[in-house]
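Asker: have a look at this prediction, sequence included:
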Amino acid sequence: MFRARARPLLLAAAYEPSPGALTYNPRTARPRVVVLGGGHNGLVCAAYLARAGVSVTVLERRGVVGGAAVTEEVVPGFKFSRASYLAGLLRPSINTDLGLEAKYGLKFLPRDPSSFTPARRAGDPYLLLGSDPAKNRESIAQFSRRDAERYDAYEDFLATVREIIQPILDAPPVDVTDGTFADRLHAVKTTRDVLRKLSGSGEPLGSIYELFTGSAAQLLNRWFESDMLKSTLATDAVIGAMVSPYDAGSAYVLLHHVMAQTGDQPGVWAYVEGGMGALSNAVAQSATDAGAEIFTNATARRILTENGAAVGVELEDGTVIQTECVVSCCSPHTTFLDLLSQGAGVDAPVPPDFRTHIEHTNLACGAFKMNFAVDELPEFTCFPNPNRAAGTPGPMHQGTVHLPLSMVEIDAAYRQASSGVPADRPVVELTVPSALDRTISPDGQHVVQLFVQFAPYDVDPAAGSWADPAFKQTFVDRVLANVDEFAPNFSKSIKGSDLLSPLDLERVFALPKGNIFHGALCLSQLGYARPVPGFSGHRSPVRNLFMGAAGSHPGGGVMGAPGRNCARVVLNSMGLSMASAV
């Protein structure tokens, strides 16, 4: 009988500490599926399986569901989206199928203006972009009239490509030679949908191919001449990726970040009311209402196998859960090097060539997340808040603030980080979610988030270590000094913080080497090669062990696609149809 010592499901939006550990019995002693990891992909996968009538148990090692998409009150009164902080990549079909907005209270808060790139000095031009094409052209024209005239066409080009690749996101990479008959049939349908959209797009295939394989700099240089505009757009090519905008493949990372859609608004990023944990909570509630059981503080020790197939999971407290199949929504690194490690007495070790591939996965990321509780809004020298007297946010606080760097400076930051030294002038994106969401901070006070790029996990020992608090604080102070160049009141306004270095991201969220995508989004680790060539269809070399998280196709971000696509493959393997889950 399954007797797990674990805490009951704690939804992040409750903002309460986990209660004491309880001994309890689940409704199902032997679930057909055990999902390892209660991040948003694991919850999505469980929701679809449960809706199809499959008994499913989700095991989450932390005291809160959501993985990196959580809301936690680290500073009293302030609710931080501690890791992921923007919504937009969530597949619309998931939102609809699971009733996230319609039934479970998920509320997106679109941002307009969506982007602000400040200048250092009062009177100097700044770049403000949003939903109004005329205002965008007016803002861009301060730096280049030619760029202002071309910007709408650039947006249309990306929108066209975004539409073409939508079917690719909603299925494993097309392979009509692998999987069940249902898998192959779905692959044929995906191919047909992509070809139909491509033929109707009017875009040459070469232009689309270049976007997948070329550099962001090459793409942006062909479209624009202003460094202010190019560098603002180029940040999408490097956020969460240890790449230079001059590297081949960085254009795809840019595309990955502009595939957003909020409701029926393509290309739009949004905050989630209540923080990112509210999104995970909505999925969790949908899953539990469908019959899934979700247990927190339930850490897996290893995946059990017999005769080359997954047959169960052993928890850290010794509890054994037998099952028909296991879906790992942990990273491939955790799944195959820790939970199926050769030294754990597993009778069906991972094949050596597969294991070697996982061991040498490119995990470079360079992300550092900083969350701050502040007692006043950032006041930008170049664009004073017209609402400051009233104490309310201005247009500069709505979207993402890109601290300006030239294209050459972004490349220099990458090169410095690649040498094992945190960048002197890293890429910094600043957001103020409380400007739109008044549920996450006290009146008159705010939450400010900094996503900082080019802080390498593997620091040169001669430079320091993230395990050294003084080294970590020195980097934080350097970033704050950078912000103060544009908003001099910022550092003085801080009353509490949550500082997550790459090492912290690994320790808290089990992100290997702090990689927010479970593996770099480089050309050699996309599509058919994600996570390993020959295993891009959510199956693994261990029978009845499936992969459903960001390390699988189509990659990271709060998208839900890996979890949903994996659920389809699991259902097909059981002779069930995805149609029964929607």
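Answerer: Sure, I can see it.

Asker: gap between the closest residue to residue 529 other than its chain neighbours and residue 474?
Answerer: Leaving aside its chain neighbours, residue 529 sits nearest to residue 536 (6.9 Å; criterion: Cβ to Cβ, 6 or more residues apart in numbering). In this view, the C-beta of every residue, glycine as well, is placed from N, C-alpha and C. Residue 536 sits 41 Å away from residue 474, going by Cβ to Cβ, to the nearest Å.

Asker: looking at these two, which is more packed in?
Answerer: The neighbour count for residue 536 versus residue 474, taken as other Cβ atoms under 10 Å, is higher for residue 536 (22 against 12).

Asker: helix or strand: which one has that one?
Answerer: Using DSSP states H and E, residue 536 sits within no helix or strand.

Asker: that one: what's it in contact with?
Answerer: 172, 173, 175, 527, 528, 529, 530, 552, 553 (Cβ atoms under 8 Å, 6 or more residues apart in numbering).

Asker: okay, the first one: pLDDT?
Answerer: The reference is to residue 172. At residue 172, the model reports a pLDDT of 80.

Asker: how far away is the nearest residue to it once chain neighbours are set aside from residue 100?
Answerer: Nearest non-adjacent residue to residue 172, counting by Cβ to Cβ, 6+ apart: residue 537, 4.1 Å away. Distance of residue 537 to residue 100, given as Cβ to Cβ: 26 Å.

Asker: quick one: low-confidence ranges for this structure?
Answerer: Across the chain, the ranges flagged by pLDDT under 70 are 1-26, 28-29, 174-188, 190-195, 197-206, 257, 341-349.

Asker: residue 273 contacts residue 107, correct?
Answerer: Yes: between residue 273 and residue 107 there is a contact under Cβ atoms under 8 Å: 4.1 Å.

Asker: wait, a strand at residue 252?
Answerer: No: if the criterion is DSSP: H, G, I helix; E, B strand; the rest coil, then residue 252 is helix and not within a strand.

Asker: look at it and say how many residues are nearby.
Answerer: 23.

Asker: ok now do it, which residues does it touch?
Answerer: So residue 252 contacts 211, 212, 213, 521, 523, 526 (Cβ under 8 Å, 6+ apart).

Asker: what's the answer for residue 219, then?
Answerer: Here residue 219 is in contact with 210, 211, 251, 254 (Cβ under 8 Å, 6+ apart).

Asker: now residue 428
Answerer: For residue 428, the contact set (Cβ under 8 Å, 6+ apart) comprises 402, 403, 450, 451, 452, 453, 479, 482, 483.

Asker: what about it, is that helix, strand or coil?
Answerer: strand.

Asker: what's the spacing between it and residue 471?
Answerer: From residue 428 to residue 471 the distance is 19 Å (Cβ to Cβ).

Asker: likewise residue 519?
Answerer: 26 Å.

Asker: so for those two, which sits in the more crowded spot?
Answerer: residue 519 (26 against 16).

Asker: please point out which parts of the helix or strand harbouring residue 321 sit buried.
Answerer: Secondary-structure assignment from DSSP H and E places residue 321 in strand 320-322. Residues of strand 320-322 classed as buried by neighbour count (16 or more other Cβ atoms under 10 Å): residue 321.

Asker: so who does the closest residue to residue 216 other than its chain neighbours touch?
Answerer: Among residues not flanking residue 216 along the chain, residue 237 sits closest, at 3.5 Å (Cβ to Cβ, 6+ apart). Residues in contact with residue 237, defined by Cβ under 8 Å, 6+ apart, are 216, 243, 245, 250, 251, 253, 254, 257.

Asker: of the residues you listed, which is the most crowded?
Answerer: residue 216 (30 neighbours).

Asker: quick one on the thing from earlier: so which of the contacts of residue 252 are in helices?
Answerer: 211, 212, 213 (DSSP state H).

Asker: the second one contacts residue 253, doesn't it?
Answerer: The reference is to residue 212. No: the pair residue 212 / residue 253 is not scored as a contact, 10.5 Å apart, by Cβ under 8 Å.

Asker: secondary structure element for the residue nearest to residue 436 when sequence neighbours are not counted?
Answerer: Nearest residue to residue 436, sequence neighbours excluded (Cβ to Cβ, 6+ apart): residue 109, at 4.4 Å. Secondary structure from DSSP H and E places residue 109 in strand 108-110.

Asker: re earlier: export the ones in helices among the contacts of residue 252 to a markdown table and append columns for distance to residue 541.
Answerer: Output for these, formatted as a markdown table (distance: Cβ to Cβ, whole Å):
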| residue | distance to residue 541 |
| --- | --- |
| 211 | 33 |
| 212 | 28 |
| 213 | 29 |
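
Asker: closest to residue 265 among those residues?
Answerer: For the ones in helices among the contacts of residue 252, the minimum distance to residue 265 (Cβ to Cβ) is 21.9 Å, reached by residue 211.

Asker: quick one: that closest one from residue 534, how far?
Answerer: 26 Å.

Asker: neighbour count winner among these two?
Answerer: Counted by other Cβ under 10 Å, residue 211 and residue 534 do not tie: residue 211 has more neighbours, with 19 against 14.

Asker: excluding sequence neighbours, find me the nearest residue to that one.
Answerer: residue 251 (5.1 Å).

Asker: what does residue 67 give?
Answerer: residue 39 (2.3 Å).

Asker: ok, residue 117 - contacts?
Answerer: Residue 117 touches 126, 127, 128, 228, 231, 232, 401, 402, 403, 404, counting by Cβ under 8 Å, 6+ apart.

Asker: 10 Å instead, please
Answerer: Contacts of residue 117 were listed using Cβ atoms under 10 Å, 6 or more residues apart in numbering, and they are 125-129, 139, 143, 228-229, 231-233, 235, 382, 400-405, 486.

Asker: go on, residue 397?
Answerer: Contacts of residue 397 by Cβ under 10 Å, 6+ apart are 111, 113, 116, 377-380, 385, 387, 430-436, 446, 448.

Asker: likewise for residue 339?
Answerer: So residue 339 contacts 36, 300-304, 313-314, 326, 328, 330, 346, 545 (Cβ under 10 Å, 6+ apart).

Asker: could you check how far it is from residue 437?
Answerer: In terms of Cβ to Cβ, residue 339 sits 37 Å off from residue 437.

Asker: just residue 217 next, same as before
Answerer: In terms of Cβ to Cβ, residue 217 sits 35 Å off from residue 437.

Asker: swap in residue 106?
Answerer: Distance from residue 106 to residue 437, counting by Cβ to Cβ: 13 Å.

Asker: hey, where'd the strands end up in the stretch 451-582 of the chain?
Answerer: 494-500, 545-547 (DSSP state E, counting those that start in this stretch).

Asker: winner for burial among the ones you listed?
Answerer: strand 545-547 (a mean of 27; mean count of other Cβ atoms under 10 Å).
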